[in-house]
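1. what's the 3D shape of this:
(2 chains)
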Amino acid sequence: MTKNPIAAAAVSILTLGLALGVTPAMAAKMDATIGMQLEPPNLDPTGGAAAAIDEVLYANLFEGLTRFGPDGEILPALAKSWTISDDGLVYTFSLREGAKFHDGTDFNADDVKFSLDRARAEDSTNAQKALFADIASVDVVDPATVKVTLSKQNGSFLFNLAWGDAVIVAPESADGNAAKPVGTGPFMFAQWVKGDRVELDRNPDYWGEAVKLDHVTFKFISDPTAAFAAMMTGDLDAFPAFPAPENLTQFEADPRFSVIIGSSEGETILAMNNKKPPLDNITVRKAIAHAIDRKAIIDGALFGYGTPIGTHFAPHNPAYVDLTAQSAYDPEQSKALLAEAGVKDLTLSLKLPPPSYARRGGEIIAAQLREVGINVDITNVEWAQWLSDVFKAKNFDLTIVSHTEPMDIGIYARDDYYFQYGDPAFKAIMADLDKATDPDKRTELMQAAQKKIADDYVNAYLFQLPRTGVANAKLKGLWPNSPTQANDMTGVFWEK
Amino acid sequence: MTAYFLRRFVSLSLSLVAASLVIFLVMEMVPGDPATFMMGLNADPAAVAALRSQLGLDGPLPLRYLSWVAGLLHGDFGVSYTYRVPVSELISERVMISLPLTLYALVLSTLIAFPAGILAAARRNSATDFSVMGVSQLGVAIPNFWFAMILVLVFAINLRWFSAGGFPGWESGFFPAIKALTLPAIALALPQASILARVMRSSLIDTLDEDFMRTARAKGLSRSQALWRHALRNALIPVLTIIGLQFSFLLAGGIIIENVFYLPGLGRLVFQAITQRDLIVVRSVVILLVFAVIVVTFLVDLAYAAADPRLRRRRP
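-> You can find the predicted model right below:
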């Protein structure tokens, strides 16, 4: 006999139903298995930068004061509402009452103060510590109210609080979150079989609307062929960021699956080392930008999925300006520009990290640059090597990489960032943007920033990385886009 | 005999010390800072520095080597940079998959190779011999990851007899676990069986030509009696060598198969640790594999002695 009391109960109910002549309705499936390519290194979103951490936990297990909606809008989360003082320096948050952490402790203003102070502390290992740099103090007004005072105006503050790195943790459990995360979200941690899967259970005491799934398993399959097989056999119910675009047509043709094409926050660029001659010459950079046929790269490296971009901004953002024409494919102009710059027999190094968009795209770009007379030495590197050699040591001419952090145009204001731009006029625009809280003013500044880097041809802007997902056709409610790197399972359900 | 074991032990320890030094230094030379890797593109430099010191990455080299070795002697492999859990815990979880998989593949390959090799040798130059050798030639030539993908395509995607990969864990019961290991084990075993069958055949044929075999036949034994009673035992030495080598190869080398079947085994752990610069895990697994190879070589030596009494006598 079965030892499992639940199974035993189920069997007896089923038998009873049959005995009474009731046809048992097909039991609705209450769990989902989601495929991901990378495993999170730990389960603490406030202690590491790996996107995979948020992909498992964001909105599912942990919540912040604010959160991203499916299209990138900022929604209330643990803060049900807020007021901003007229000078834009003081944010007063009214907190959700009745919210509890998964270990049973109450959520209140002390937890908010603890979390924000911890993230901005001297010895903090929060990878996005800069998000909290403008906080001067966090004060508990009463258990349901928190006042955050900024040292200077920061129009992105509510946006910053929506990041996974800004989720609210409890002092009692914060240190253990890496292995056993304790949050306030609608799902709670069940188990983590390292190298294989993380499982979440429904949180029965959730403060908000209950989720429709009882159990979610995130399974880690790095090999694209294995991912394909796992979808085909039904071992997985969805693979929201499917690694092999070449297989998508096959899924599209199969009625068992739906293919979900969305946009991601990943601006894919051909980054140029702006301090290294002759790339310190804007005419040379402009020549390179005009030598590139984006359509050919999107078709060749991404099987046609992906949106061309002309600046470092996501096309789905309301403030986006289409500047692709400014660096349109024009090999003749490119040759003329190179001649104008007096550059002959130019050989550039192109270092490619592992993702296929970079490796495949790099081959195509090298061929396109050769057309205009630039020789390209391709070196394939792994991520760790890319980080130390390209990102840190700046030992490169060209590289291809997708910048997947939301709204990260601010990196162009950093002097020491790997492509080494740090233009004073651009920095001034960013400083103004930090101060601006008026939406129209912000849009205007964001557009000025996009134009400035396009005018300076800092990098060659290729395409917005698509988010190509595959799911069981009956599984609904997955995010098509990824405004942040998350697999928000709170609205996911099985269609009858 | 005692002197022999003592000498073996000293040479074994020296190899381990040398190996640990080489492994440590090689890992130090690998480009890529673990802390930078973990913190990502937008990370604050101060946060990266804080992490470096937390991970103990900023001490002097000899000191870090000594503390690592001292830890190893106590069975303490340190704490994984990425997972932040004891490395020994990670390794023991993974060994629970890789070791059974290796043994399973080894048993399968032996079960296929022995009869095939013996049959081919006994019927030398017959049609049976040619077909066994032909198939084994194919088995050696086919890359095992390709064969693994074919197995998935046929038995998982088309027939739906197996799941495409993954491992349910031993706690889910013996049969579900073994079932999950079956396709990977077959994929691993086939090339090994092919090699083994060829070695078995040629070694047996060599023995069949020896003088003692003629003597055995002259005493009135039939061909097959002579083969089973005298030749097989003598032919086993090279076969055992190959099995010993295969064990270490499979234990560490199952990495591609583990990727195809997304099994959370030792091979995939090392692979992932290398790309994530979790150097402490890489170091520990590699030293453990060196240790396993040394132990297996030793066991194979003992097996030689069992198979051939002359080797036993020759020893000091």
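
2. counting neighbours, what do you get for the closest residue to residue A:356 other than its chain neighbours?
-> Of all residues not flanking residue A:356 in the chain, residue A:301 sits nearest, at 6.9 Å (C-beta to C-beta, 6 or more residues apart in numbering or on different chains). In short, each C-beta sits where N, CA and C put it, glycine included. Counted by other C-beta atoms under 10 Å in any protein chain shown, the residues lying close to residue A:301 total 26.

3. same thing with residue A:472?
-> Residue A:472 has 19 nearby residues by other C-beta under 10 Å.

4. related to what we said a few turns ago, which SSE is the residue nearest to residue A:356 in?
-> helix A:294-302 (DSSP states H and E).

5. following that helix, which helix or strand comes up?
-> With DSSP H and E, the next secondary element past helix A:294-302 is strand A:307-308.

6. adjacent strands (with direction) for that following strand?
-> strand A:460-472 (antiparallel) (DSSP bridges).

7. quick one: residues contacting the closest residue to chain B within the stretch 101-250 of chain A.
-> Across the stretch 101-250 of chain A, the shortest distance to chain B (C-beta to the nearest C-beta) belongs to residue A:195, at 3.0 Å. Residues near residue A:195 by C-beta atoms under 8 Å, 6 or more residues apart in numbering or on different chains: A:39, A:220, B:93, B:94, B:264, B:265, B:268, B:269, B:272.

8. what's the closest of those to residue B:84?
-> residue A:39 (13.6 Å; C-beta to C-beta).

9. circling back to that earlier point, surely the residue nearest to residue A:356 and residue A:365 touch.
-> No: under the criterion of C-beta atoms under 8 Å, residue A:301 makes no contact with residue A:365, lying 9.3 Å away.

10. tell me the buried residues in the helix or strand residue B:198 falls within?
-> According to DSSP H and E, residue B:198 maps onto helix B:174-208. When burial is assessed from 16 or more other C-beta atoms under 10 Å in any protein chain shown, helix B:174-208 yields the following buried residues: B:177, B:180-205, B:207-208.

11. ok, stretch B:290-308 next?
-> Applying 16+ other C-beta under 10 Å to stretch B:290-308 flags B:290, B:291, B:292, B:293, B:294, B:296, B:297, B:300, B:303, B:304, B:307, B:308 as buried.

12. how about the contacts made by the residue of the stretch 251-400 of chain A at minimum distance from chain B?
-> Closest approach between the stretch 251-400 of chain A and chain B, counting by C-beta to the nearest C-beta: residue A:384, at 3.0 Å. Neighbouring residues of residue A:384 by C-beta under 8 Å, 6+ apart: B:30, B:31, B:32, B:33, B:34, B:37, B:275, B:276, B:277.

13. tell me the pLDDT at the fourth one?
-> Residue B:33 carries a pLDDT score of 76 in this model.

14. residue A:386 is in contact with that one, correct?
-> No: Residue B:33 is beyond contact range of residue A:386, at 11.9 Å (criterion: C-beta under 8 Å).

15. the two: which is more packed in?
-> residue A:386 (25 against 19).

16. give the contact list for the more buried one.
-> A:351, A:353, A:399, A:401.

17. now for residue A:322, how many residues are close by?
-> 14.

18. wait, residue A:28
-> With other C-beta under 10 Å as criterion, residue A:28 counts 10.

19. leaving out chain neighbours, which residue sits closest to it?
-> Per C-beta to C-beta, 6+ apart, closest to residue A:28 is residue A:494, 6.1 Å.

20. need the contact list for the one you found.
-> With C-beta under 8 Å, 6+ apart, residue A:494 has these contacts: A:28, A:29, A:30, A:32, A:212, A:474, A:475, A:476.

21. distance of it relative to residue A:203?
-> 19 Å (C-beta to C-beta, to the nearest Å).

22. ok, the contacts of residue A:494 vs residue A:84, which is closest?
-> Out of those, the member with the shortest distance to residue A:84 (by C-beta to C-beta) is residue A:212, at 34.8 Å.

23. isn't residue A:245 up against residue A:302?
-> Yes: using C-beta under 8 Å, residue A:245 is in contact with residue A:302, at 5.6 Å.

24. hey, what's in contact with both of those two?
-> Residues touching both residue A:245 and residue A:302 (C-beta under 8 Å, 6+ apart) are residue A:466.

25. is it true that residue A:115 touches residue A:177?
-> No: under the criterion of C-beta under 8 Å, residue A:115 is not in contact with residue A:177, lying 10.9 Å apart.

26. overlap in contacts of those two?
-> A:46, A:169.

27. and the longest strand along chain A, what does it pack against?
-> Secondary structure of chain A read by DSSP state E shows that its longest strand is strand A:257-272. Under the contact criterion of 3 or more C-beta pairs under 8 Å, 6 or more residues apart in numbering or on different chains; DSSP states H and E, strand A:257-272 touches helix A:248-252, helix A:282-290, helix A:356-371, strand A:398-403, strand A:460-472.

28. can those go into JSON lines with extra columns for mean pLDDT and distance to residue A:377?
-> As requested, the helices and strands packed on strand A:257-272 are exported to JSON lines (pLDDT from 0 to 100; distance: least, C-beta to C-beta, whole Å):
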{"stretch": "helix A:248-252", "mean pLDDT": "93", "distance to residue A:377": "33"}
{"stretch": "helix A:282-290", "mean pLDDT": "96", "distance to residue A:377": "15"}
{"stretch": "helix A:356-371", "mean pLDDT": "94", "distance to residue A:377": "9"}
{"stretch": "strand A:398-403", "mean pLDDT": "95", "distance to residue A:377": "10"}
{"stretch": "strand A:460-472", "mean pLDDT": "94", "distance to residue A:377": "17"}
